[in-house]
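# sequence first, predicted coordinates after that:
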Amino acid sequence: MFAYMIRRILYAVPILVGVNFITFMLFFMVNTPDDMARAQLGAKQVTPQMIAAWKAEKGYDKPLFYNEKAGGVEKVTDTLFVDESLKLFTFDFGHSDANRDIAEEIKQRMGPSLSIALPTFLIALVTNISLALLLVLFRGSVLDITMMIVAVMIMSVSGLFYIIAGQVLFSKIWHWVPISGYESGWAGVKFIILPVMIGVFSGLGAGVRWYRSIFLEQINQDYVRTARAKGLSEIAVLFKHVLPNGMLPILTGVVVIIPSLFMGSLIMESFFGIPGLGSYTIDAINAQDFAIVKAMVFLGSVLYIIGLILTDISYTLFDPRVKL
Amino acid sequence: MSLMLLWTDIMVWILTGMILLWGWRLSKSPEARRKWHYIFRSPLAMASAVVLGFYMLFALADSVHFKVTEPSKTERLYAGEIVSLLDMAMMHQKAYSERTYSAPFATTEYAKSIVVGEDGITRQQNLPLKHVAAEYPVKKSLLALFLGIFVSLLLIGAHLWLTAQEGFMQRIFAVFKGKSELPWRTGYAVLTLFIVLFTWLYVMSFSYHVLGTDKVGGDVFYASLKSIRTGVLIGILTTLVTLPLAIFLGVSAGYFRGWVDDLIQYLYTTLSSIPGVLLIAAGVLMMQVMMDNHPDWFASTIERSDLRLLFLIFILGVTSWTGLCRLLRAETLRISQMDYVTAAKAFGVSKWRIMARHIVPNLTHIILISVVLDFSGLVLAEAVLSYVGVGVDPTMYSWGNMINQARLEMAREPMVWWSLFSSFAFMFVLVLAANLFSDRVQHVLDPRNAQ
């Protein structure tokens, strides 16, 4: 098991290098250090000397991939690409345009992001699975058909609509919860309720459909027929046989997104004024702060890859057929 | 006026041509005909197909552009302006705008202005709108209704005439009793509903702002119609970028295996591990830098926003092929084990020919399902991306931009709801139709559901 985990983590290294390569291509090939210098120095008459000085100061004066002047291995290692990658791997994201330490900001903002993302994730998981089980229990009935139509309709409405309608109804007209804002600790619950509810509701359609299809696939299997033949009630069949067996495909879809919960939700956070990573990213995009965007791209990929590893590990734990 | 096609226009027409060609080839295969027939046998699928067709029509009408050569005072056109067919039909709304917000069918502005009266006293009052002619609303509505029904009857009649084999009257009875092989009755009903609704709005738009006006006084009905093109284009043109990548890489990985497979798997795992929105955002930000550095690529605002749309579609395509690629690889792995592929190999058929003639045709159902499934997601994504600030150009008409501009006005009392309502409603109808249609396509084409 331990050896497997090590192997699995080693697999992730080339992928991370690849991610780095893509971010590097995006941020340095298109927006070259020369462009960055020009943007930073701001002035219209920027002399080549000024650009060269700026690049030397920031360490951007090395070649991109291949350093002819250096000797031996350093031909490849003493380059901008390796420098930048190493910085990211040690989670040294540098400073934003506002001259704040990005790594520090990320640490501070993870909490608020999680306080929205985690409850949304858990409540959505429980609601979607219970509703799906209910529909599978009454499959083919009027309830099932109506709910499926409702699910398609929920899916077809833009997520922005739920947020705007929710804010107008619950905050502006009924004054149940504040329209936006954030506070840490239990006092902040009143700010969290609305975004969590909206997050759960907007995912309801797609979620219920997905879980229902997973359970329906199980319900036609031979082992379910055997269980019924034993004389088990439909509810017992559902909870003792269909649900545990349906957990495996559910694991693949669910475990992988757990680490990404740290990233928060772009839209939710910026609409509700929550100082999390999602709104951080949006602000960075709008301010064209490339250093932050680059850091978030890297962080997001790392979290996703962690999710993939966790998925594999959870498989070995829950599926008795998978042997290492 | 001289014809001038923008880049995205060219792509749309190429895609339309390809779809028509594919449809024509498909119509010769009895098996495919049977399948498509089966898809349309569901009234819901028929209804959503009609709705999708309606939207497509607007997108296509908005994809033929002309360059104005002679300026016209009456229509407020300047030389060099680029207008589409849709613009020409909506010229009465494109050229004349109000000062600011006004509610649907309003005759006065939404906000009160300070006016100095003839007696020298300043008052606050709602100024009348400039381009509203509020006479005879009932008469005009009746006229529009009559016109809409007339047009629909004409179209339905023509269709009945063309499909009637046993006789026109029998055909009419068969269809309206629901006894035709396809649920044409539903199709006709939806068609009539849409045509009547649209004609009514269109006729009334000559005298009112039927869906109100936005912050700078632009007509919301016109903006919503113009946004159709943006939404539909993002939905369908992205597939034009995705499909070649996904098919080529997926089939090669599954067929050649070995290091080719490893390499391609590595490629898509890497790409898909970057969070989608962030990758798109990074791509768009870099594209902005690139376009700022090359102002010589475009001559006018429309061309610039068109170029930006093109890049956005390209970025969306490059970031979204991985899912389909993975599916195609798995299916190719399975198919290339089949006896008929082994037989083809034994006959000495070349690799590329085997892939093109024996493997890809057996993947069409996966490709088709994924294309129709992605469409609605892309239309919705456009709105979110525009909100994040990495969507289409802010000067371009799109539902996302409309929502973005209108959402700040929620706090006003009474609310400025019409811009939001129109964009959400237009988007909802399109996405709902696409979702229902894709459900049906998936249900019929997925071999696991085969009876």
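Done, it's in. Residues are numbered from 1 along each chain as shown, chains lettered A, B, ... in the order given.
# which single residue in the stretch 1-150 of chain B comes nearest to chain A?
Nearest residue of the stretch 1-150 of chain B to chain A, counting by C-beta to the nearest C-beta: residue B:44, 9.3 Å away. (Glycine included, C-beta is placed from N, CA and C.)
# what's the local residue count around that residue?
Residue B:44: 16 surrounding residues under other C-beta atoms under 10 Å in any protein chain shown.
# and what about it, helix, strand or coil?
Following DSSP: H, G, I helix; E, B strand; the rest coil, residue B:44 is assigned to helix.
# thought it was touching residue B:440?
Yes - counting by C-beta atoms under 8 Å, residue B:44 does reach residue B:440; the two are 6.7 Å apart.
# quick one: list the elements packing against the one helix or strand residue B:11 maps to.
Applying DSSP states H and E as the criterion places residue B:11 in helix B:7-26. In terms of contacts (3 or more C-beta pairs under 8 Å, 6 or more residues apart in numbering or on different chains; DSSP states H and E), helix B:7-26 is packed against helix B:30-40, helix B:43-61, helix B:220-256, helix B:301-319.
# pick the most buried one from these.
Highest mean neighbour count among the helices and strands packed on helix B:7-26 (mean count of other C-beta atoms under 10 Å in any protein chain shown): helix B:220-256, with a mean of 23.
# which bits of the stretch 1-150 of chain A sit near chain B?
Residues of the stretch 1-150 of chain A lying near chain B by C-beta under 8 Å from any C-beta of the partner chain: A:14, A:15, A:18, A:19, A:22, A:23, A:26, A:27, A:30, A:31, A:35.
# now rank these by neighbours and give me the top one.
Scoring those on neighbours with other C-beta under 10 Å, the highest-scoring entry is residue A:19 at 26 neighbours.
# which ones are touching that one?
By C-beta atoms under 8 Å, 6 or more residues apart in numbering or on different chains, residue A:19 lies in contact with A:297, A:298, A:301, B:270, B:273, B:274.
# which of those fall in helices?
A:297, A:298, A:301, B:270, B:273 (DSSP state H).
# which one is residue B:303 nearest to, not counting chain neighbours?
Once flanking residues are discounted, residue B:303 sits nearest to residue B:6: 6.7 Å by C-beta to C-beta, 6 or more residues apart in numbering or on different chains.
# again but with residue B:354, I slipped
Residue B:354 sits nearest to residue B:344 (C-beta to C-beta, 6+ apart), 5.1 Å away.
# same question for residue A:308.
Residue A:308 sits nearest to residue A:256 (C-beta to C-beta, 6+ apart), 6.0 Å away.
# who touches stretch A:215-232?
By C-beta under 8 Å, 6+ apart, the residues outside stretch A:215-232 that reach it are A:132-133, A:136, A:139, A:234, A:236-238, A:240-243, A:245-246.
# ugh, wrong one, stretch B:211-224
With C-beta under 8 Å, 6+ apart as the test, stretch B:211-224 has contacts from B:90, B:93-94, B:97-104, B:106, B:129, B:201, B:205, B:209-210, B:397, B:399, B:402, B:405-406, B:409, B:418-419, B:421-423, B:426.
# same thing with stretch B:425-440?
Stretch B:425-440 has contacts (C-beta under 8 Å, 6+ apart) with A:152-153, A:155-158, A:161, B:39, B:42, B:44-45, B:47-49, B:51-52, B:55, B:224, B:227-228, B:231-232, B:235, B:369, B:372-373, B:375-376, B:379-380, B:383, B:399.
# let's see that with 7 Å instead.
For stretch B:425-440, the surrounding residues in contact (C-beta atoms under 7 Å, 6 or more residues apart in numbering or on different chains) are A:152-153, A:155-158, B:39, B:42, B:44-45, B:48-49, B:51-52, B:55, B:224, B:227-228, B:231, B:372-373, B:375-376, B:379-380, B:383, B:399.
# average pLDDT across that stretch?
For stretch B:425-440, mean pLDDT is 94.
# immediately after the lowest-mean-pLDDT helix or strand in chain A, which helix or strand?
Ranking every helix and strand in chain A by mean pLDDT, DSSP states H and E puts helix A:74-77 at the bottom, with a mean of 69. Once the chain leaves helix A:74-77, the next helix or strand it forms, by DSSP H and E, is helix A:80-89.
# mind listing what's buried in that following helix?
By neighbour count on 16 or more other C-beta atoms under 10 Å in any protein chain shown, the buried set for helix A:80-89 is A:80, A:81, A:82, A:84, A:85, A:88.
# ok, so of these, who is nearest chain B?
Nearest to chain B among those is residue A:88, at 12.9 Å by C-beta to the nearest C-beta.
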